[in-house]
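*Asks:* Next comes the sequence, and after it the predicted model I'd like to discuss.
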Amino acid sequence: MVIKKAPPEREVAVMEIRKRGGGYGKIASAMGMTTSMVRRII
């Protein structure tokens, strides 16, 4: 099984939005990802 890794700049962006209080769904829709992808990054 291959685990896809998000690019570092995307990880930083997700963590930044999360720090400001954004939820998984809000981050996912803003970045064109699914909520499960966001959870995997965090």
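*Replies:* Perfect, I can see it now. Residues are numbered from 1 along each chain as shown.
*Asks:* least trustworthy helix or strand in the protein by mean pLDDT?
*Replies:* When each helix and strand of the chain is scored by mean pLDDT, DSSP states H and E, helix 35-41 comes last, with a mean of 89.
*Asks:* buried residues in it?
*Replies:* Met37, Val38, Ile41 (16 or more other Cβ atoms under 10 Å). The C-beta positions use only the backbone N, C-alpha and C, and glycine is treated the same way.
*Asks:* what comes into contact with that helix?
*Replies:* Contact with helix 35-41 is made by Ala6, Arg10, Glu11, Val14, Met15, Tyr24, Gly25, Ile27, Ala28, Met31, as judged by Cβ atoms under 8 Å, 6 or more residues apart in numbering.
*Asks:* Skipping adjacent residues, who's closest to the third one in space?
*Replies:* Which is Glu11. Leaving aside its sequence neighbours, Glu11 sits nearest to Ile41 (Cβ to Cβ, 6 or more residues apart in numbering; 5.3 Å).
*Asks:* How much space separates the one you found from Arg20?
*Replies:* Distance of Ile41 to Arg20, computed by Cβ to Cβ, to the nearest Å: 16 Å.
*Asks:* just the helices in this structure please.
*Replies:* Applying DSSP state H to the chain gives helices spanning 8-19, 24-31, 35-41.
*Asks:* Quick check, pLDDT for Val2.
*Replies:* We note a pLDDT of 69 for Val2 in this prediction.
*Asks:* what number of residues lie near the closest residue to Ala13 other than its chain neighbours?
*Replies:* Of all residues beyond its chain neighbours, the one nearest Ala13 is Met31 (6.9 Å), with distances taken as Cβ to Cβ, 6+ apart. Neighbour count for Met31, taken as other Cβ atoms under 10 Å: 15.
*Asks:* All set now, cheers.
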